[in-house]
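K.L.:
A structural model of the following input is requested.
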Amino acid sequence: MAAHIKRGLLSILAHAQRDGATELVMAPAGGGGTVYRYLGRNSPPTPMLDWAVVVSELAGLAGIRDAPYPKEGIIYVAYSGVRLRWQLKMTSQDKQCVLHNLGGKTV
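P.N.:
Model (predicted):
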């Protein structure tokens with residue numbers, strides 16, 4: 001189950017990066033799903049992206065799954081022809097998480 005969530009998250013990050021987004025916000029939606037927004041684009045609530053799994057997968061991509069809250073880490077991975085570089089900040093399991101596109105910034 002988590003593999004399709006990971007692919008979905010990487011796809012969202014890649015699209016946001018290609019669109020020039022500097023910030024991406026993901027948050028829990030009613031019913032356990034997930035919503036996200038960037039550059040004035042808002043997704044509809046997505047029940048297929050279960051919030052608890054999204055939080056776990058984002059933390060795993062940033063290498064901070066076992067870190068205590070608040071969590072902060074870097075997602076740095078190649079996906080679909082794009083080198084993704086995002087800084088992830090999570091204050092808790094139940095709150096939105098914010099990702100900042102690092103682009104060409106030195107980490």
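K.L.:
quick one, what contacts the nearest residue to Ser92 once chain neighbours are set aside?
P.N.:
Leaving aside its sequence neighbours, Ser92 sits nearest to Tyr69 (CB to CB, 6 or more residues apart in numbering; 5.1 Å). (Glycine included, C-beta is placed from N, CA and C.) Residues in contact with Tyr69 (CB atoms under 8 Å, 6 or more residues apart in numbering) are Met90, Thr91, Ser92, Gln93.
K.L.:
which residues touch stretch 3-11?
P.N.:
Contacts for stretch 3-11 (CB under 8 Å, 6+ apart): 48-50, 53-54, 57-58, 60-61, 77, 79-80, 84.
K.L.:
can we see that at 10 Å?
P.N.:
The contact list for stretch 3-11 (CB atoms under 10 Å, 6 or more residues apart in numbering) reads 26, 34, 36, 46, 48-50, 53-54, 56-58, 60-61, 75, 77-80, 82, 84, 99.
K.L.:
Buried residues, it. List them.
P.N.:
The neighbour-count check on stretch 3-11 (16 or more other CB atoms under 10 Å) flags Ile5, Lys6, Gly8, Leu9, Leu10 as buried.
K.L.:
what secondary structure does Gly60 sit in?
P.N.:
Counting by DSSP: H, G, I helix; E, B strand; the rest coil, the backbone at Gly60 sits in helix.
K.L.:
what's the burial count for it?
P.N.:
Counted with other CB atoms under 10 Å, the neighbours of Gly60 add up to 16.
K.L.:
That one: what's its closest spatial neighbour, skipping adjacent residues?
P.N.:
Lys6 (7.8 Å).
K.L.:
Now do the one you found, the pLDDT please.
P.N.:
In this prediction, Lys6 carries a pLDDT score of 93.
K.L.:
ditto for the one 10 residues further on
P.N.:
On the pLDDT scale, Ala16 is placed at 91.
K.L.:
do Gly104 as well
P.N.:
For Gly104, the predicted pLDDT is 58.
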